[in-house]
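In: Structure of the sequence below:
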Amino acid sequence: MKTLIRWLLLAGALLLVANLYPGVEVKNFTSALIAAFVLGLLNTLLRPILVLLTLPVTVLSLGLFLFIINALMFWAAANLLDGFAVAGFAAALIGSLIYSLCGMVIDVLIERLFPLRD
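Out: Numbering: from 1, shown residues only. Alright, predicted model coming up:
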């Protein structure tokens with residue numbers, strides 16, 4: 001249940017990003033659901049590999065290179081889907097920052113709504 005609610009809220013967050021920043025476009029809520037799913041898959045499967053491969057650059061940049069990796073995941077999802085578009089890499093960077101902030105807020109809300117039971 002938590003996963004389904006989190007997915008729906010992340011799709012809503014993607015719509016919020018599209019409304020806040022003109023460089024990100026989402027066609028409708030269905031496209032946002034699919035984009036949130038694809039972003040989740042990319043972040044689960046591809047992001048750890050990229051983080052591992054770019055570890056020296058990430059350490060030298062004091063972790064700032066992780067923002068670039070997040071933007072690449074956001075941009076890749078936009079290139080894979082029809083109803084989700086990003087104007088360029090700068091738009092992907094700003095959009096991924098806003099989306100990540102929304103994701104952190106959603107995670108806190110989910111944990112407060114559904115606390116872990118012992």
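
In: From C102, how far off is A91?
Out: 16 Å (Cβ to Cβ, to the nearest Å). From N, CA and C alone the C-beta is placed, and that goes for glycine too.

In: whoops, I mixed them up, I68
Out: Noted for I68: a distance of 19 Å to C102, by Cβ to Cβ.

In: List the buried residues in the longest helix seen in the chain.
Out: Looking across the chain with DSSP state H, the single longest helix is helix 89-113. Going by neighbour count (16 or more other Cβ atoms under 10 Å), the buried part of helix 89-113 is 91-100, 102-103, 106.

In: between those, which is nearest R112?
Out: I106 (10.8 Å; Cβ to Cβ).

In: Tell me which residues touch the closest one, please.
Out: Counting by Cβ atoms under 8 Å, 6 or more residues apart in numbering, I106 touches R6, L9, L10, A13.

In: Neighbour-wise, which one of those residues leads?
Out: Within the contacts of I106, L10 tops the neighbour count with 22 neighbours, counted by other Cβ atoms under 10 Å.

In: which residues touch the helix or strand that that residue is a member of?
Out: Here L10, judged by DSSP states H and E, is contained in helix 2-20. Helix 2-20 is contacted by residues 24-26, 29, 32-33, 35-37, 39-40, 84, 95, 98-99, 102-103, 106-107, 109-110, 113-114 when judged by Cβ under 8 Å, 6+ apart.

In: Please point out which parts of that helix sit buried.
Out: R6, L9, L10, A11, G12, A13, L14, L15, L16, V17, A18.

In: now that helix against helix 89-113, angle please.
Out: 140 degrees (axes from the mean of the first three to the mean of the last three Cα atoms, to 10 degrees).

In: Helix 2-20: what's the following helix or strand?
Out: With DSSP H and E, the next secondary element past helix 2-20 is strand 24-26.

In: List the contacts of that following strand.
Out: For strand 24-26, contacts defined as Cβ under 8 Å, 6+ apart pick out 14-15, 17-18, 32, 35, 78, 83-87, 91, 95.

In: I'm done for today, thanks for sticking with me.
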